[in-house]
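S.K.: here are the coordinates; sequence isn't available:
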């Protein structure tokens with residue numbers, strides 16, 4: 001285990017304890033000697049971690065400390081790189097810019113060894129057939145979800161039928177071959193899913209819909225115990 005990984009593990013253990021915990025317990029949970037533990041705590045305090053306590057009394061990290069981005073394990077760094085590269089390759093233009101900016105910001109504050117691992121990562125996103133069409137409204141749909149905006153959409157189903165709906169968007173699902181907008185449909189008084197590449201027009205309406213995104217998602221799951229199948233991209237849910 002590298003020093004960075006060891007310090008990360010110690011931070012995670014400290015964050016899991018609500019009350020002061022002895023050095024012996026921390027050393028056992030992180031798999032280091034007591035001497036190394038004391039040295040690591042001093043290093044974290046020097047880097048700004050608000051850890052209170054002393055030898056023989058116990059240690060506790062005050063709430064509100066943000067984990068600095070330099071504290072990544074190898075697996076976490078791989079996950080970050082692969083995820084951001086996938087978004088940069090498969091997301092809409094705004095998400096792609098955001099993903100590239102995240103990697104640049106993280107790389108700017110990493111220590112040299114981890115910065116090298118970030119830039120030289122061998123985890124790549126492959127290209128192939130069946131990539132999802134971008135759809136005309138993704139950069140409008142995501143803010144509408146965040147802000148709980150009612151939307152008026154014009155939707156064309158698989159048979160070519162066109163309908164206008166007023167919906168409450170609460171989630172956006174990314175499949176390899178499509179993007180699916182999850183909504184409460186006012187006209188159908190029920191949940192409906194819409195492929196974003198079949199949304200011909202979308203416009204936000206005044207005001208926000210009642211409740212929260214999380215409440216709508218929980219209710220959808222309650223009504224759809226088979227929800228693993230009900231979001232298949234072949235289903236346009238135009239009924």
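M.R.: That came through, no problem. This is a predicted model, so every value here is computed, not measured.
S.K.: Could you count how many residues lie near the closest residue to residue 194 other than its chain neighbours?
M.R.: Excluding its sequence neighbours, the residue lying closest to residue 194 (CB to CB, 6 or more residues apart in numbering) is residue 181, at 4.7 Å. Heads up, the C-betas are built off the backbone N, CA and C, glycines and all. Using other CB atoms under 10 Å, residue 181 has 29 other residues around it.
S.K.: Please report phi then psi for residue 181.
M.R.: phi -90, psi 120 (degrees, to the nearest 10).
S.K.: which residue lies farthest from the center of the protein?
M.R.: For the chain, the C-alpha farthest from the mean C-alpha position belongs to residue 56; by CA atoms, centre = their mean, that distance is 39.9 Å.
S.K.: ok, that one - contacts?
M.R.: Residue 56 makes contact with residue 23, according to CB atoms under 8 Å, 6 or more residues apart in numbering.
S.K.: you'd agree it is in a helix?
M.R.: No - secondary structure of residue 56 (DSSP: H, G, I helix; E, B strand; the rest coil): coil, not part of a helix.
S.K.: Return the per-residue confidence for it.
M.R.: Looking at residue 56, its pLDDT is 78.
S.K.: Tell me how far it lies from residue 157.
M.R.: For residue 56, the distance to residue 157 equals 71 Å [CB to CB, to the nearest Å].
S.K.: Mark out where each domain of the chain begins and ends.
M.R.: Under the assignment automatic domain parsing, the domains of the chain span 3-61, 74-119, 138-230.
S.K.: so which strand or helix has residue 88?
M.R.: Element membership for residue 88, per DSSP states H and E: helix 74-90.
S.K.: Need the contact partners of the next helix or strand after that helix.
M.R.: Moving toward the C-terminus from helix 74-90, the next helix or strand (DSSP H and E) is helix 93-109. Residues outside helix 93-109 that contact it (CB under 8 Å, 6+ apart): 68-70, 80-81, 84-85, 87-89, 91, 115, 118-119, 138-139, 142.
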